[in-house]
Each structure stands twice: as structure tokens, then as C-alpha cells.
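Enquirer: Below is the sequence, then the predicted model.
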Amino acid sequence: MPTRTARTAWNGSLETGEGQVELSSSKIGTYDVSFPKRAADDANGSTSPEELLAAAHSACYAMQFSAVLGAAGGTVEALDVKADVSLGPDSAGGFKLTGIHLTVRGEVSGIDEAAFAAAATDAKNTCPVSKALTGVDITLDAALEN
């Protein structure tokens, strides 16, 4: 399996600086980042490590869930996966990820609601990004919408 690369060019202090994150492997874009926008309710055109992590987690989870559903005898028509990644203060100082909430809705034939729920939990536990984030509380809301 290949290694994927992203890089960030940063200028200035945390409070006034800004940077650009480049998705180097895919070459599909460069995105602005800044701490004030990271901490604001409105990102105003900038991304953040949390948003990039949410993108990675939702994509990884969708792939893993599709594989687990297939192994359970299901046929995936569609999965809609959202990851909400929260940042907050760390009692030890600085900041930390305070939680990740995965929401998935699926159209899957060949399995019932119980099998869907079991597969959703299995995928949450076996997704490579979930494994990498074991220090963060990851919650799940999964529903079959056939």
C-alpha cells in the first residue's frame, strides 16, 4: 500500500499566522488554515485539522463499512457518512480532540436492521482511521433506510 503525503507551509505566530495545506499525493488542492478561523464558528473559507480529519474518517469508515456489509451478505446501494470532529481545551494544557461522532445512513439490501447495526459497530472498530484515533471518544449513530 502506498504512503500518502500532505504538507503545510506556515508563516507567523499561532494567533496571527496562517498557512496553506497542500494535498501533495493527489495534487487536488491547497487549502488555507489559520488558528483564529479554526477556533471560530464560521471557518470563512479556511479548513482545519479537524475538518481534514473528519474527511479522512468519513471516507475511511464508508469504505470499511461497505466491506463489512458485503462480508455479512449485504448489498450496498448507498451509504451517507458524516464525521463531526470536536476540538476543545485540554485540562493538561492546550487543546485536544474532545470527540468524534459518526452518523451513517444506508440503503442496503440482504440484511436486517440488527445486522446493519452490528456491521456499523464492527466497521467503527476496524476502520484504520478509527484505530489511529483510539485516544478519542468515537460515537456512532447508524440507521438502515431501506
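Expert: Received it, and whenever you're ready, just let me know what you need. None of these values were measured; they are calculated from a predicted model. Residues are numbered from 1 along each chain as shown.

Enquirer: Can you tell me what sits against stretch 90-105?
Expert: For stretch 90-105, contacts defined as Cβ atoms under 8 Å, 6 or more residues apart in numbering pick out 50, 53-54, 57-58, 61-62, 65, 79-89, 120, 124, 133, 136-143, 145. To be clear about C-beta, it is placed using only N, CA and C from the backbone, and glycine gets the same treatment.

Enquirer: Please repeat the previous calculation with a cut-off of 6 Å.
Expert: 61, 80-88, 136-143, 145 (Cβ atoms under 6 Å, 6 or more residues apart in numbering).

Enquirer: Ok, stretch 11-21 next?
Expert: Stretch 11-21 is contacted from outside by 8, 9, 10, 30, 31, 32, 33, 34, 35, using Cβ under 6 Å, 6+ apart.

Enquirer: at 8 Å what do you get?
Expert: Identification of contacts with stretch 11-21 by Cβ under 8 Å, 6+ apart yields 6-10, 30-36, 47, 52.

Enquirer: okay, the helix or strand where residue 54 lies in PDB with CA atoms only?
Expert: Using DSSP states H and E, residue 54 sits within helix 49-71. Extracted C-alpha coordinates of helix 49-71, given in PDB (Å, rounded to 0.1, in the frame of the first residue of the first chain):
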ATOM      1  CA  PRO A  49      -7.000  19.800  11.000                       C
ATOM      2  CA  GLU A  50     -10.400  18.800  12.500                       C
ATOM      3  CA  GLU A  51     -12.200  19.200   9.100                       C
ATOM      4  CA  LEU A  52      -9.400  17.300   7.300                       C
ATOM      5  CA  LEU A  53      -9.600  14.600   9.900                       C
ATOM      6  CA  ALA A  54     -13.400  14.400   9.600                       C
ATOM      7  CA  ALA A  55     -13.000  14.000   5.800                       C
ATOM      8  CA  ALA A  56     -10.400  11.200   6.300                       C
ATOM      9  CA  HIS A  57     -12.600   9.400   8.900                       C
ATOM     10  CA  SER A  58     -15.800   9.600   7.000                       C
ATOM     11  CA  ALA A  59     -14.200   8.300   3.800                       C
ATOM     12  CA  CYS A  60     -12.300   5.500   5.600                       C
ATOM     13  CA  TYR A  61     -15.400   4.500   7.600                       C
ATOM     14  CA  ALA A  62     -17.500   4.400   4.400                       C
ATOM     15  CA  MET A  63     -15.000   2.100   2.700                       C
ATOM     16  CA  GLN A  64     -14.700  -0.200   5.800                       C
ATOM     17  CA  PHE A  65     -18.400  -0.300   6.400                       C
ATOM     18  CA  SER A  66     -19.000  -1.300   2.800                       C
ATOM     19  CA  ALA A  67     -16.600  -4.100   3.100                       C
ATOM     20  CA  VAL A  68     -18.100  -5.300   6.400                       C
ATOM     21  CA  LEU A  69     -21.600  -5.200   5.000                       C
ATOM     22  CA  GLY A  70     -20.600  -7.200   1.900                       C
ATOM     23  CA  ALA A  71     -19.000  -9.800   4.100                       C
END
